[in-house]
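In: fold the following and give me the result.
(chains A and B)
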Amino acid sequence: MTRRFTALAALAVVCAGVELVAGRGMSPGVVWDVVNGGGDATERHIFFQLRLPRLLVSLGAGACLAVAGLVLQSALRNPLAGPEVTGVTPGAVLGAVTATALGLAGWDSPLAVVLAACTGGCAGAALLWLLAGRGRGDPAQTAVHGVLVSAVLGGLTAMVLLVEPGELGSVVQWLVGTTEGRVWQHWHLLWPWALVWGAAAWLLAGPLTLLRCGDDITLAAGLSARRARTLALLCAVALTAGAVAAVGALGFVGLLVPHLAVAVFGADLRVSLPGAALVGAVVVCGADAAAQVSSRLLAQGLDSGRLTLPVGALTACLGAALLLVVVRRTPSRTF
Amino acid sequence: MAASSVCALSLGTPYVPPHRLVGAVLDGDSTLAGIVVTELRVPRVVLALVAGACLGAAGLVLQEALRNPLAVPEMLGVSSGAALGVAAPLVLALSLPAAVQPLLAIGGAALGGGLTLLAAGLGRSPSAVLLTGAAVAAALQAALLVLMVMADQLDLQLIYRYLLGSLSARTWDDIAGLWPWLLVAVPALVLCAPVLSVMRLGDEDAEALGVRAQRARLAALAIAVVLIAPVTAVCGPVAWVGFLAPHLARWFNPSAGAVRWLPWSAAWGAAVVMVADVPARLALAPVETPAGAWTALLGVPAGIALMRSGGRGRAARRAPAGAAAVRKALHGPRTAVSAAAAGVPRSRAANDARRDPPGADGACLPPSRPTGTEDAQ
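Out: Predicted structure coming up:
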């Protein structure tokens, strides 16, 4: 187990290194100079004010989404319950977009965006909760209702955007999820939030493992299934909202990274929750690095500077492919 | 529907009172009202009717062929594929002749739908197909969003409006492009309707009656693609009409078969789009909201409600079980939607009602009846 953690941590360091080197505007050699204390003022500024916070934000957001996904999947006993298909992410997006459109929040007040996203995420989850019969429905029904709730929330977001078309340009990037232009302010908001709720999720690992086994076993062990599930869902919603407020609706990370984490670390949540955080960080960071490299190549190939590939597009495409594998591999009776 | 068409023709700026509509249409070019009505509102109404009918019929074909009440164009990636096919040349500033546009949309739609069916396996359980479709749709959507990020601000609003499904500013020229496709699609629909009513008995029974189930499904998908793609090319994917219309059709005559639901579903689709277009034009008066946003907002909850109440009603009615129900189904098909077709609530009801050993807790597959799922495994 320790060896796996070490290997993953090494992988994370490698991804981080690639991410630092990959961006536009500086060659890898210059980056090395800057790390060693050299470089001129512009290069130092690019490195310390743009690349480093971007790297940290992508690591943190990936970890948040992955932990939220694993908590959701365990609490709802549903291998397909990611934040995207349970109405949490669309709700958070709706909350943030609405707050921006009403002028309550903006890029100058990220805290308000986090709060609005959190409220929206809770509302989305509550809507699903009501619709699916307060958690007693079977997993497949919950998943189906989740997709439908997400569709409704997406429609609402579209309406808000139509009323405030001025926001469209800045919001579209954000609907797909991007780490472009994240600065220290975002990171300072993200890390305490992620730390608190991540710790809460880890403390819930025991009850969650029981919930995974089914309500009967949970009750037999003397634990109120409903209370434990509510706490776990609160945790998941908060983590998702924090991540969405930081990087936007990053597709499919919360749905698929938990599967990877369970495959690598086994089903013991005390181990696989931190494991999922690590895997999520690696995946998002790696995807971001890949997106930067490929948009650099695209820009060279097509000779146009405004072409950038947001990381969300990459994770969505990768995630969709992986989801197909998961759906096909899992015995059909589960769905 | 008549009332809503009158509303659609007379409301707006300038307001034309209903009793003067006929006069306005007859003396076409002479007055302002006449020009507005004949050149703007009538084509819009016709487009709403045609688009709604196509989407409704396509929704029913997909739902019946896959035996899945959630198999709607949006969920199978068909709509997103078509939208991608239309939006890509717009963003990349490629100039294409107008005749090619529906072809691109068809290509995209076929790509999306084909990908989903390929990945999900043709006969798998409803929610597996649904979730796979959601994944494919999300991937296509991501591709679209990437295109949108590249577009500049003016294009962006146009594309966004189009992507939600808007009927504004469409003229007779746009509608004229639809006719050839409809000429292909309508006979195909008439031909496939009887096959659809056989398909719902389950693959094995269908094969016994001489229908090749897999081929029939592919054909149904092709028909749906031909129906949806041209509409999408003209007015964008008006969301969730294909979900709501078939459920409405079933709700109002639950005992009819697929053959009779087909025209009803088309009619309901037309009515839904037409009704949605009125608030779309008037709600935020100077600004037009796209009709697709309204159908998405209202259609999904309404569809869920219909699906749930329908499932409950049938569970109470479902007395005969198993093969008897299948035989009976030839005459009264509604009782015999196989549980695999019926989606989650219904299949749970089936498990309760039959007292067969269920496959697992909350399992979706019908325990007793052989269906395509076995083939897929």
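In: test my guess that residue B:246 contacts residue B:261.
Out: Yes. Using CB atoms under 8 Å, residue B:246 is in contact with residue B:261, at 6.7 Å. Every residue, glycine included, has its C-beta placed from N, CA and C.
In: quick check: neighbours shared by these two?
Out: residue B:60 (CB atoms under 8 Å, 6 or more residues apart in numbering or on different chains).
In: more neighbours, the two?
Out: Counted by other CB atoms under 10 Å in any protein chain shown, residue B:246 and residue B:261 do not tie: residue B:246 has more neighbours, with 32 against 29.
In: leaving out the residues flanking it, which one is nearest to the more buried one?
Out: Nearest residue to residue B:246, sequence neighbours excluded (CB to CB, 6 or more residues apart in numbering or on different chains): residue B:60, at 4.1 Å.
In: what packs against the helix or strand hosting that neighbour?
Out: Using DSSP states H and E, residue B:60 falls within helix B:42-65. Where contact means 3 or more CB pairs under 8 Å, 6 or more residues apart in numbering or on different chains; DSSP states H and E, helix B:42-65 is packed against helix B:2-10, helix B:172-176, helix B:179-199, helix B:213-235, helix B:241-252, helix B:258-282.
In: next up, the contacts around the residue in the stretch 151-300 of chain A that chain B sits nearest to.
Out: The stretch 151-300 of chain A approaches chain B most closely through residue A:155 (3.5 Å), counting by CB to the nearest CB. By CB under 8 Å, 6+ apart, the contact set of residue A:155 is B:239, B:293, B:296, B:297, B:300.
In: so which of those residues is the most crowded?
Out: Result: residue B:239 is most packed of the contacts of residue A:155 (other CB under 10 Å), 30 neighbours.
In: helix, strand or coil for it?
Out: coil (DSSP: H, G, I helix; E, B strand; the rest coil).
In: could you double-check that it lies in contact with residue B:164?
Out: Yes. Assessed by CB under 8 Å, residue B:239 is found in contact with residue B:164 at 7.2 Å.
In: burial measure for residue B:46, as a count.
Out: The burial count for residue B:46: 15, using other CB under 10 Å.
In: ok, residue B:265 touching residue B:55?
Out: No. Judged on CB under 8 Å, residue B:265 makes no contact with residue B:55 at a distance of 9.5 Å.
In: circling back to that earlier point, which of the contacts of residue A:155 sits closest to chain A?
Out: residue B:296 (3.5 Å).
In: quick one: contacts of stretch A:282-296?
Out: A:8, A:11-12, A:15-16, A:18-19, A:22-24, A:54-55, A:58-59, A:61-62, A:65-66, A:179, A:250, A:253, A:257, A:260, A:307-311, A:313-315, A:318.
In: which helix in chain A runs the most residues?
Out: In chain A, taking DSSP state H as the definition, the longest helix is helix A:269-302.
In: counting neighbours, what do you get for the nearest residue to residue B:234 once chain neighbours are set aside?
Out: Spatial nearest neighbour of residue B:234, chain neighbours left out: residue B:174 (5.0 Å); criterion: CB to CB, 6+ apart. Residues contacting residue B:174 under the criterion other CB under 10 Å number 16.
In: circling back to that earlier point, only the buried subset of the contacts of stretch A:282-296, as a ChimeraX command please.
Out: Typed into ChimeraX, the line below selects the buried ones among the contacts of stretch A:282-296, using 16 or more other CB atoms under 10 Å in any protein chain shown:
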select /A:8,11,12,15,16,18,19,22,23,54,55,58,59,61,62,65,66,179,250,253,257,260,308,309,310,311,313,314,315,318
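In: how about residue A:89, what does it touch?
Out: So residue A:89 contacts A:83, A:121, A:124, A:150, A:240, A:244, A:249, A:254 (CB under 8 Å, 6+ apart).
In: kindly report the same for residue A:91.
Out: Counting by CB under 8 Å, 6+ apart, residue A:91 has contacts A:120, A:121, A:122, A:123, A:124, A:125, A:127, A:153.
In: need the nearest residue in space to the third one, chain neighbours excluded.
Out: Across the structure, with CB to CB, 6+ apart as the measure, the residue nearest residue A:122 apart from its sequence neighbours is residue A:237 (5.3 Å).
In: and the one you found, what does it touch?
Out: Residue A:237 touches A:68, A:88, A:118, A:121, A:122, A:125, counting by CB under 8 Å, 6+ apart.
In: go again using 6 Å as the cut-off
Out: Residues counted as contacts of residue A:237 (CB atoms under 6 Å, 6 or more residues apart in numbering or on different chains) are A:88, A:121, A:122, A:125.
In: so which strand or helix has the residue lying closest to residue A:285 once chain neighbours are set aside?
Out: In space, and not counting its chain neighbours, residue A:285 is closest to residue A:15: 4.3 Å by CB to CB, 6+ apart. In this assignment (DSSP H and E), residue A:15 forms part of helix A:2-22.
In: pull that helix out as CSV, backbone CA atoms only.
Out: What follows is helix A:2-22 as a C-alpha-only set of coordinates in CSV (Å, rounded to 0.1, in the frame of the first residue of the first chain):
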residue,chain,number,x,y,z
THR,A,2,2.8,2.4,0.9
ARG,A,3,4.5,1.5,-2.3
ARG,A,4,1.4,2.4,-4.3
PHE,A,5,1.1,5.7,-2.5
THR,A,6,4.8,6.4,-3.2
ALA,A,7,4.4,5.6,-6.8
LEU,A,8,1.3,7.8,-7.1
ALA,A,9,3.1,10.7,-5.3
ALA,A,10,6.0,10.3,-7.7
LEU,A,11,3.5,10.4,-10.6
ALA,A,12,2.0,13.6,-9.1
VAL,A,13,5.4,15.2,-9.0
VAL,A,14,6.1,14.3,-12.6
CYS,A,15,2.7,15.7,-13.7
ALA,A,16,3.4,18.8,-11.7
GLY,A,17,6.8,19.2,-13.4
VAL,A,18,5.3,18.7,-16.8
GLU,A,19,2.5,21.2,-16.0
LEU,A,20,5.1,23.8,-14.9
VAL,A,21,7.1,23.4,-18.1
ALA,A,22,4.2,23.0,-20.5
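In: contacts for stretch B:111-118 next, please.
Out: Residues contacting stretch B:111-118 (CB under 6 Å, 6+ apart): B:76, B:77, B:78, B:80, B:81, B:132, B:133, B:136, B:140, B:221, B:225.
In: residue contacts, the fifth one?
Out: For residue B:81, the contacting residues are B:108, B:109, B:111, B:112, B:140, taking CB under 6 Å, 6+ apart as the criterion.
In: which pair in those spans the largest distance?
Out: Spanning the widest gap among the contacts of residue B:81 are B:109 and B:140, at 10.2 Å by CB to CB.
In: among the two, which residue is more densely surrounded?
Out: residue B:109 (35 against 26).
In: the more buried one contacts residue B:224, correct?
Out: No. At 8.3 Å, residue B:109 and residue B:224 do not qualify as touching, with contact defined as CB atoms under 6 Å.
In: dihedrals phi and psi, residue 146?
Out: No chain in the question, so chain A it is. With angles defined as degrees, to the nearest 10, residue A:146 sits at phi -60, psi -40.
In: wait, it touches residue A:88, no?
Out: No. Using CB under 6 Å, residue A:146 makes no contact with residue A:88, being 8.9 Å away.
In: who's more crowded, these two?
Out: residue A:88 (36 against 31).
In: any idea how far residue A:113 is from that one?
Out: The gap separating residue A:88 from residue A:113 is 16 Å, by CB to CB, to the nearest Å.
In: what sits against the spatially most central residue of chain A?
Out: Most central in chain A under CA atoms, centre = their mean is residue A:65, positioned 3.1 Å from the mean C-alpha point. Contacts were defined as CB under 6 Å, 6+ apart; by that measure residue A:65 touches A:243, A:253, A:254, A:280.
In: what does residue A:184 give?
Out: Contacts of residue A:184 (CB under 6 Å, 6+ apart): residue A:53.
In: re the thing from before, how much does the helix holding residue A:15 deviate in direction from helix A:269-302?
Out: Relative orientation of helix A:2-22 versus helix A:269-302 (axes from the mean of the first three to the mean of the last three CA atoms, to 10 degrees): 30 degrees.
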